[in-house]
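K.L.:
I'd like to go over a predicted model; first the sequence, then the structure.
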Amino acid sequence: MNVARTFAARTTLCAAVCVVLPGAVRAAEGLWTLDNLPRAELEQAWGFAPDPAWIAKVMHASLRVGGGCSGSFVSANGLAMTNHHCIEACVGHLATPSHDLLRLGFLASTEADERRCPGLALDRLDAITDVTARIARAGQGRTGGAFVEARHAEVSRIESACANDVSRTASTAIRCDVVSLYGGAVNHLYRYHRFDDVRLVFAPEVDIAQFGGDPDNFNFPRHDLDVALVRAYEDDKPVRSADFFRFAKADAEPGDLTITSGNPGLTARQATVAQLERLRDLDDPWQLARLAQQRGLVARFAAESAQHARVSREELDGIENDYKARSGELLALRDPDAFAIRRSAELALRSFAGRQEALQSAVGAWDAIAAAQKNWGEFAMRHRFTEGAQGMWTPYFTIARALVRAADARARSPAQRPADRADAAAGSTLQTVLSPAPPDPAFERLKLAWSLGQLREWLGADDPVARQLLGRDAPDAVAARWVAQTRLGDIAWRRRLWAGGKAAIDASDDPFIRVARLLEPESRALDKRYNDEVEAVERQNAERIAHVRFAQSGLRAYPDATFTLRLSFGVVEGWQEHGRRIAPFTTVRGLYERATDTPALRLPPTWRAAQPRLDPSSRMNFATSNDIVGGNSGSPVINRDAEIVGLVFDGNIHSLGGAFWWDPRRNRAVAVNGRFILETLDKVYRADRLVREIEASR
């Protein structure tokens, strides 16, 4: 997913923000920031009271993995663990046609054999600072686009000052993000230590890392070793990681407290009913139709040859994962009972505001947000194909747009840069531009031709943008010409364009640079309309709604996820499905019983050879009631002693509704068992060096 103690505690927490669906309940449900943990509920439910030292250790041992995943340090020498599917791009980029590392796996026998992952970075959260007052002052007295611009500008100033802190050493990379919480009513500055030299240490064969393939994705039981080990380096030396997670010496048992520490992606549990209706009726159906067509297109390309399958595998995996995830979300949004509960909760909150004289001005906030959703529907398609670049499905354009916007931003002083483009000159943009991963021309021609055809179909053949891009030519002819003419596949050429700044970009005749320049005026105009008519309205009124929640419950509720570090609390637990009890564990015995010669269920030769050495009763994967969503992939599952008992890699199909609400009856996280990870390193891969390093830390 590349997811009963006291009723009083549960309902107190959820009253302000979430929907409690019928059935069993759990205390401390939610995605909690480390500076606002539900201490009373944890103490009451599990007798667990994390102290500041425990929290600091967990924060500094946890990692955010570039590309939308999580991870953690597992040794004092910078060794970090995440999911295989989170670093699949790295494995693919290090592979060659004659040595397919995805199929064969990778193990560095010595430190010198550890290979750098192009474009991969790890972020360790070091500090959280409240900047709410500064952000509020910046937007005070402003409305519409001026409100958004002023706040964006203040965010840029805060992040820039943090990243340029003179107290840091020259070799220390810093990333600073202002994180908006509770609909913008609270804003925190998250300061990260960034490790941008990350080297691959171990990755199993894709057949065992993704055993079961797409059919088993978001399902259970599972039998996967979806794990990978990388190492963080600085100054060409392994990082000394003072805080890391040791592996527990015993499995987590049913009913045991389990804690996930990871970076869940965006959720919409505080969204209004009107915003959820927009997702249900407008955004998700369109995206699902698009993903279905993309899946068919890429699958046909992959079937043509082994080379095509290799270069398209990451894209196809991503499309299949996104399709299933959005399907699950749409299924949740179309659940009439859950939606009725959400609607009832919103009406109750509005009623509460109406009864408080100081809050009555906020009653209209819900209607204002509803009007913004209707406005979005009027120009959503044009926005998708210009600012959203849905008609330019290729990294060539992604790189070109980054270069064009960075050149424009860098040519201005920080104060003159458009606030919503302020990050264009940042290091993250440079990382995108200079990614050494080479696009495959044949694959890019196919994707670009299809997406240009979509642009003409949805906007119309006579649309000005369609006419400017295509003229009278067919999309496949245009795509073939642009891909043949571009030099953006050459990283040295991209470096020269970056170094040359705006003059070099303005003089470039590269077709994708020209298209990026061409689209920029309309893209900016549509983005301004979005800021004025949608984003500003949503932000200002979401803050008003958040203050109603605060008046009702204070900060005893967790904020929506923001791909920042959160803890969730649960137990090892199965669930009921169609009258049948789903057990929380799978075993090695089940893996070998399930294996066949079909592609999705095929075992690598190493695993067939290792069968006599493995304990058939070893627990392989397990399910917990932890609250997870996308972005939690790679999250360590730890016990109350901050020891690893598992590694999150998926959730069941019911967990997809967690983007909008939490159903404790069936939502489950799925993890690789911690002790099984060590067993496979020892008995399957003979990774003695890594076993010794990890065991020395236990």
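P.N.:
Cool, the structure landed.
K.L.:
Show me the shaky parts of this protein.
P.N.:
Along the chain, segments meeting pLDDT under 70 span 1-28, 166-171, 413-431, 436-437, 555, 697-698.
K.L.:
what's the lengthiest helix in it packed up against?
P.N.:
Longest helix in the chain, counting residues (DSSP state H): helix 306-333. Packing partners of helix 306-333 (3 or more C-beta pairs under 8 Å, 6 or more residues apart in numbering; DSSP states H and E): helix 88-94, helix 213-216, helix 284-302, helix 441-459. C-beta coordinates here come from the backbone N, C-alpha and C atoms, glycine included.
K.L.:
now the ones you listed as CSV including distance to A669 and mean neighbour count?
P.N.:
Shown next, in CSV, are the helices and strands packed on helix 306-333 (distance: least, C-beta to C-beta, whole Å; neighbours: other C-beta atoms under 10 Å):
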stretch, distance to A669, mean neighbour count
helix 88-94, 20, 22
helix 213-216, 15, 16
helix 284-302, 23, 16
helix 441-459, 33, 20
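K.L.:
Using a markdown table, please lay out those helices together with distance to E29.
P.N.:
Output for the helices and strands packed on helix 306-333, formatted as a markdown table (distance: least, C-beta to C-beta, whole Å):
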| stretch | distance to E29 |
| --- | --- |
| helix 88-94 | 31 |
| helix 213-216 | 26 |
| helix 284-302 | 25 |
| helix 441-459 | 40 |
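K.L.:
Can you check which of those helices gets nearest to R524?
P.N.:
helix 441-459 (17.7 Å; C-beta to C-beta).
K.L.:
returning to that earlier point: which one of the helices and strands packed on helix 306-333 lies nearest to V155?
P.N.:
helix 284-302 (27.7 Å).
K.L.:
how far off helix 306-333 does that closest one point, in degrees?
P.N.:
160 degrees (axes from the mean of the first three to the mean of the last three C-alpha atoms, to 10 degrees).
K.L.:
who touches helix 284-302?
P.N.:
308-309, 312-313, 315-316, 319-320, 322-323, 326-327, 329-330, 333, 390, 393, 443, 446-447, 450, 454 (C-beta atoms under 8 Å, 6 or more residues apart in numbering).
K.L.:
Need the phi and psi values for F247.
P.N.:
Per-residue torsions, F247: phi -80, psi 140 (degrees, to the nearest 10).
K.L.:
measure the closest residue to it other than its chain neighbours to V672 for me?
P.N.:
Among residues not flanking F247 along the chain, I644 sits closest, at 4.9 Å (C-beta to C-beta, 6 or more residues apart in numbering). Separation of I644 from V672 (C-beta to C-beta, to the nearest Å): 10 Å.
K.L.:
re earlier: and after the longest helix of the chain, which helix or strand comes next?
P.N.:
As assigned by DSSP states H and E, the chain's next helix or strand after helix 306-333 is helix 336-355.
K.L.:
From the contact counts, what lies against that next one?
P.N.:
helix 273-278, helix 536-553.
K.L.:
Now those in TSV, please, with extra columns for mean neighbour count and distance to P438.
P.N.:
Converted to TSV, the helices and strands packed on helix 336-355 look like this (neighbours: other C-beta atoms under 10 Å; distance: least, C-beta to C-beta, whole Å):
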stretch	mean neighbour count	distance to P438
helix 273-278	19	38
helix 536-553	20	39
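K.L.:
out of the ones you listed, nearest to I513?
P.N.:
Each of these has some distance to I513 by C-beta to C-beta; the shortest is helix 536-553, at 31.5 Å.
K.L.:
which residues are contacting that closest one?
P.N.:
Residues outside helix 536-553 that contact it (C-beta under 8 Å, 6+ apart): 12, 15-17, 139, 143-145, 147-148, 151, 182-186, 270, 272, 275, 349, 352-353, 356, 358-359, 361-362, 365-366, 368-369, 371-372, 557.
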